[in-house]
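>>> A predicted structure for the sequence below; I have some questions about it.
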Amino acid sequence: MQPLAVLSAPLETDLSPLTRHLWSEKIVHRVVEEGNQQVLLIADPDDIERIKELLDDWREGSLAEPVAVGSSGPSIIQRLTAVPLTVALIVLVACVFGWQHVSNDWHAWLENSQSLWPDARNQLSTYLNMSFWEMWRPTLLHFSVMHLLFNTLWIWVLAGAMERQGERFGILALLILCGISGNLLQWWLAGPAFGGISGVVYGLAAWTGLRQYRYRINYGIPPALLGVMIFFMVIMLFGDTVVPGLSGSAHGGHLGGLLCGFLLAVIWPNPNRRNNES
């Protein structure tokens, strides 16, 4: 199909307002020079009626700037509805944080098997007799706004990345098992009176970091993130060793959650292998 000439104008004439409209409406065209004139060519004759309207507005000087049509990306509502489990987890810990400020009932959550520590901490029967809920529930506690914001930020990033890959059962497994393993190790190391979901956060980091490297799952997480988080965990541990209580971190919870996350990442089925076998 031969290009169709729809306009001829002197070289000094500014055709850019017109061509911007044509591109915004996806009308294929080009401007060429012929002698001392510039000629506007269009590819599809079916566009001629629309072009006549634009030409009339342009000649009258009433052609407004086109509305830019860009890829603005998903809205905040779309982002939230895409990861309902992640959002629900963030809302849960935020609600518990609010409850901590209107009630003192949560104080009992800090007394988990207090009478057994430290004398019975090395006895297997101690852990067999412990209530699962009693040992896991401190996972939901946070003691400052910064503590809460830091953890919920990483839940949004890491759990959200997993959920977008369809790994909701993996998130639940990490939430339950990393929470309980981190709490048990923290209880064994330092006794009761601790809280926070940081152990689960470290488990999420271990899962996404290892599986992104091992199985090439595109979580969109920077490869260096896991190393950076482990580095800061070691730095805080060193600081608290030199000056006890310097950071106030529950290092047992972090380490227990991290190791559990690595273990789950290894034993959990490889989605790529399942896809290759189907």
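Received, thanks. Predicted model only: the values in this text are computed from it and were never measured. Numbering: from 1, shown residues only.

>>> quick check, Ala5 in a strand?
Yes - secondary structure assignment places Ala5 in a strand (DSSP: H, G, I helix; E, B strand; the rest coil).

>>> I'd like the average pLDDT over stretch 252-261.
For stretch 252-261, mean pLDDT is 97.

>>> gap between it and the chain center?
Between the centre of stretch 252-261 and the centre of its chain there are 20 Å (C-alpha atoms, centre = their mean, to the nearest Å).

>>> what of stretch 237-256?
27 Å.

>>> so which bits of it are buried?
Neighbour-count burial for stretch 237-256 flags 249-256 (criterion: 16 or more other C-beta atoms under 10 Å). All C-beta spots, glycine's among them, are computed from the backbone N, C-alpha and C.

>>> now do the end-to-end distance for it.
Start-to-end span of stretch 237-256 (C-alpha to C-alpha, to the nearest Å) is 14 Å.

>>> who's in contact with it?
Identification of contacts with stretch 237-256 by C-beta atoms under 8 Å, 6 or more residues apart in numbering yields 178, 181-190, 194-196, 198-199, 202, 233, 236.

>>> repeat that for 7 Å
With C-beta atoms under 7 Å, 6 or more residues apart in numbering as the test, stretch 237-256 has contacts from 181-186, 188-190, 194, 196, 198-199, 202, 233, 236.

>>> please apply the same query to stretch 111-130.
134-135, 138, 184, 187-188, 191-192.

>>> mean confidence score for it?
90.

>>> which parts of it are buried?
Here stretch 111-130 shows 112-113, 116-117, 126, 130 as buried, counting by 16+ other C-beta under 10 Å.

>>> so where's the stretch 101-250 of the chain uncertain?
The model of the stretch 101-250 of the chain has no residue with pLDDT under 70.

>>> next, count neighbours for Gly160.
24 (other C-beta atoms under 10 Å).

>>> is it true that it touches Thr86?
Yes - using C-beta atoms under 7 Å, Gly160 is in contact with Thr86, at 4.7 Å.

>>> overlap in contacts of these two?
Taking C-beta under 7 Å, 6+ apart as the criterion, Gly160 and Thr86 do not both touch any residue.

>>> before we move on, back to that, ok, which pair from the contacts of stretch 237-256 is furthest apart?
Leu184 and Met236 (20.1 Å; C-beta to C-beta).

>>> list phi and psi for the spatially most central residue of the chain.
By C-alpha atoms, centre = their mean, the chain has its centre lying nearest to Val157, at 2.4 Å. Note on Val157: backbone dihedrals following degrees, to the nearest 10 are phi -70, psi -50.

>>> equivalent analysis for Pro17, please.
Phi and psi for Pro17, reported as degrees, to the nearest 10, are phi -60, psi -40.

>>> for Val234, same thing?
Main-chain dihedrals, Val234, degrees, to the nearest 10: phi -70, psi -40.
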